[in-house]
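Visitor: predicted coordinates and the sequence they were generated for:
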Amino acid sequence: MSFHYNTFLPTTKIYHPHILILDSLIIIAKLPSLILNMPKGNTLSSRLEKSLKRAITAPLPRPQTREGLQKLSIPELYVILEDMVSRDTSMAKLIKDTVVSQYSFLYELIGAVMDVRGKHIDQFTAHHLTMAREKKFLERLERAGVPLHTYTEVSEEDISEKPSLLLVTHQGGGWENYMSQGLSGIPAGFVVKSDIMKIPFLSDAFRAKKVIPVDRHKIIRSPEMRQLEIERIASEVAERLRNRENMLIFFEGTRSSDGEIAATPKRRAWAKDLLTAIDTAWEKNSWHDGTPSFQRLLLVVHTMIAMPDVPEKDVFLSRFRLNTPIASTLVRADGLSVEDSDDRYDPNTLFGKARTVLKKMLVEIILKQA
């Protein structure tokens, strides 16, 4: 693909650092996340042009074999995938795919809210309705030409046998928020940040699903408040699992900015403390009423925009993030240690298993794209 500087669209206007308007079509995106050419004379345009030139001339690792790719790190694999996608995508196709994906997302999101809003239904029904909408969203993307790859080692019978604590990776994307049920086939309640409950209209769907809110302000206020908040969340999750309700947690807390899984000590500490507290809450109540123990499942997701913002000195961070494949892998997580290991890809630890699965998935995507 060739790049023509300062010749993007004459109607391109910047009204806000995070909002770009193209021919009256509003696309909300962080500017560093897209390759765009600003009107000539714009200070951003000059910086962007310099970065583009560095990116295009920078050598990229390009192993041709599975063995060669497996030797690379996750960020390096992301770099290769982003480069492959950006060079194979025209600007016209980028805009078309953006419109299709955003329209599909909004259509099914609004539909999901309307399916449960103001209805006298229990949260189990709400989970199934929202999962159905997520599956329709995935079907729309597939019809639009977005490749979808799903892998699993867990059968439908295993899923229905006992309640699941579904642990979902959150390494830099955004779509995984709205397709985890659809990708896994597991209708579930969510643990979400409390700020989401303040969003008009959407909050109606979250209330129908009876999500468990996380108060981040309490978490950062003091160690004591953090511990109390973790214990409250763990107690609610354990109680819901006891009632045979699947629960979904983004176990790393928030998104990663570099594509890595549990890359920072805070993210690892949050996962360890929360998951340990859930186990403790389950055991503490000594439920022996015939309720089967819950199972831990791990869903590793690579979405259309799950690309890392790696340091500019390594690779230009503004590459296309649309029109890349969506991929997910569902694996068992029972018995995995929540402690991290010196070996970042230790399959006996939760983080190591997640990284191993993600790396394998990225290798497969690259080989299929080549």
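Guide: Perfect, thanks for sending it.

Visitor: which stretches of the stretch 1-150 of the chain have low pLDDT?
Guide: Along the stretch 1-150 of the chain, the model assigns pLDDT under 70 to residues 1-63, 86-91, 94, 98.

Visitor: helices of that one, start to end?
Guide: Under the criterion DSSP state H, counting those that start in this stretch, the stretch 1-150 of the chain carries helices at the ranges 43-57, 66-70, 74-87, 91-116, 123-143.

Visitor: from those helices, which stretch is densest packed?
Guide: Most buried of these by mean neighbour count (mean count of other C-beta atoms under 10 Å) is helix 74-87; its value is a mean of 20. Backbone N, C-alpha and C define where each C-beta goes, glycine included.

Visitor: tell me the angle that helix makes with helix 91-116.
Guide: Angle of helix 74-87 versus helix 91-116, following axes from the mean of the first three to the mean of the last three C-alpha atoms, to 10 degrees, is 110 degrees.

Visitor: now for helix 74-87, which elements pack on it?
Guide: helix 350-369 (3 or more C-beta pairs under 8 Å, 6 or more residues apart in numbering; DSSP states H and E).

Visitor: so which of the helices of the stretch 1-150 of the chain is nearest Arg344?
Guide: helix 74-87 (9.2 Å; C-beta to C-beta).

Visitor: still on that earlier bit, in CSV: the helices of the stretch 1-150 of the chain, plus distance to Lys218.
Guide: Supplementary listing: the helices of the stretch 1-150 of the chain in CSV, determined by distance: least, C-beta to C-beta, whole Å:
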stretch, distance to Lys218
helix 43-57, 38
helix 66-70, 42
helix 74-87, 32
helix 91-116, 28
helix 123-143, 24
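
Visitor: of all these, which lies closest to Phe351?
Guide: Ranking these by their distance to Phe351 (criterion: C-beta to C-beta) puts helix 74-87 first, at 11.9 Å.

Visitor: can you check what angle separates the closest one from helix 350-369?
Guide: Angle between the axes of helix 74-87 and helix 350-369 is 30 degrees (criterion: the same axes, to 10 degrees).

Visitor: quick one: contacts of stretch 268-278?
Guide: Contacts of stretch 268-278 from elsewhere in the structure, counted by C-beta atoms under 8 Å, 6 or more residues apart in numbering, are 165, 167, 227, 230-231, 233-234, 237-238, 249, 251-253, 262, 338-340, 350-351.

Visitor: put the buried members of these into a ChimeraX selection.
Guide: ChimeraX command restricting those to the buried ones, with burial defined by 16 or more other C-beta atoms under 10 Å:
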select :165,167,230,231,233,234,237,238,249,251,252,253,262,338,340,350,351
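
Visitor: how close does the closest residue to Asp346 other than its chain neighbours get to Leu202?
Guide: Nearest non-adjacent residue to Asp346, counting by C-beta to C-beta, 6 or more residues apart in numbering: Gly352, 3.5 Å away. For Gly352, the distance to Leu202 under the criterion C-beta to C-beta, to the nearest Å works out to 35 Å.

Visitor: more crowded one of the two?
Guide: Using other C-beta atoms under 10 Å, the more surrounded residue of Gly352 and Leu202 is Gly352, with 21 against 16.

Visitor: tell me how many other residues crowd Lys218.
Guide: Using other C-beta under 10 Å, Lys218 has 17 neighbouring residues.

Visitor: residues in contact with the strand or helix carrying it?
Guide: With elements taken from DSSP states H and E, the one containing Lys218 is helix 216-221. Defining contact as C-beta under 8 Å, 6+ apart, one finds that helix 216-221 is touched by Lys193, Ser194, Asp195, Met225, Arg226, Leu228, Glu229, Ile230.

Visitor: how about the helices of the stretch 1-150 of the chain, which one is nearest Lys360?
Guide: Of all those, it is helix 66-70 that lies closest to Lys360, at 8.1 Å by C-beta to C-beta.

Visitor: which elements pack onto the closest one?
Guide: Using 3+ C-beta pairs under 8 Å, 6+ apart, the elements in contact with helix 66-70 are helix 350-369.

Visitor: what average pLDDT does the helix it packs on get?
Guide: Mean pLDDT, taken over the full extent of helix 350-369, equals 90.

Visitor: who touches the residue nearest to Leu336 when sequence neighbours are not counted in this structure?
Guide: Nearest-residue entry for Leu336: Leu350, 4.5 Å, with adjacent residues in sequence omitted and distances by C-beta to C-beta, 6+ apart. With contact set as C-beta under 8 Å, 6+ apart, Leu350 has these partners: Leu167, Phe251, Ala271, Leu275, Leu298, Ala333, Leu336, Ser337, Val338.

Visitor: what's the answer for Thr150, then?
Guide: With contacts defined as C-beta under 8 Å, 6+ apart, the neighbours of Thr150 are Leu183, Ala327, Ser328, Thr329, Leu330.

Visitor: count the neighbours of the first one for me.
Guide: The local packing of Leu183 (other C-beta under 10 Å) involves 26 other residues.

Visitor: am I right that it falls within a helix?
Guide: Yes - inclusion of Leu183 in a helix is indicated when DSSP: H, G, I helix; E, B strand; the rest coil is applied.

Visitor: what's the angle between the host helix or strand of Arg267 and helix 350-369?
Guide: Under the assignment given by DSSP H and E, the secondary-structure element containing Arg267 is helix 265-284. With the same axes, to 10 degrees defining the directions, helix 265-284 sits at 120 degrees from helix 350-369.

Visitor: would you put the C-alpha positions of helix 265-284 in PDB?
Guide: The C-alpha coordinates for helix 265-284 follow below in PDB (Å, rounded to 0.1, in the frame of the first residue of the first chain):
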ATOM      1  CA  PRO A 265       2.400  -5.100  38.900                       C
ATOM      2  CA  LYS A 266      -0.900  -3.400  39.600                       C
ATOM      3  CA  ARG A 267      -2.700  -5.500  37.000                       C
ATOM      4  CA  ARG A 268      -1.200  -8.700  38.300                       C
ATOM      5  CA  ALA A 269      -1.900  -7.700  41.900                       C
ATOM      6  CA  TRP A 270      -5.600  -6.900  41.100                       C
ATOM      7  CA  ALA A 271      -6.100 -10.300  39.400                       C
ATOM      8  CA  LYS A 272      -4.400 -12.200  42.200                       C
ATOM      9  CA  ASP A 273      -6.200 -10.500  45.100                       C
ATOM     10  CA  LEU A 274      -9.700 -10.700  43.400                       C
ATOM     11  CA  LEU A 275      -9.500 -14.300  42.300                       C
ATOM     12  CA  THR A 276      -8.100 -15.400  45.700                       C
ATOM     13  CA  ALA A 277     -10.900 -13.500  47.400                       C
ATOM     14  CA  ILE A 278     -13.500 -15.300  45.300                       C
ATOM     15  CA  ASP A 279     -12.100 -18.700  46.200                       C
ATOM     16  CA  THR A 280     -12.100 -17.700  49.900                       C
ATOM     17  CA  ALA A 281     -15.600 -16.400  49.700                       C
ATOM     18  CA  TRP A 282     -16.800 -19.700  48.100                       C
ATOM     19  CA  GLU A 283     -15.000 -21.900  50.700                       C
ATOM     20  CA  LYS A 284     -16.000 -19.600  53.700                       C
END
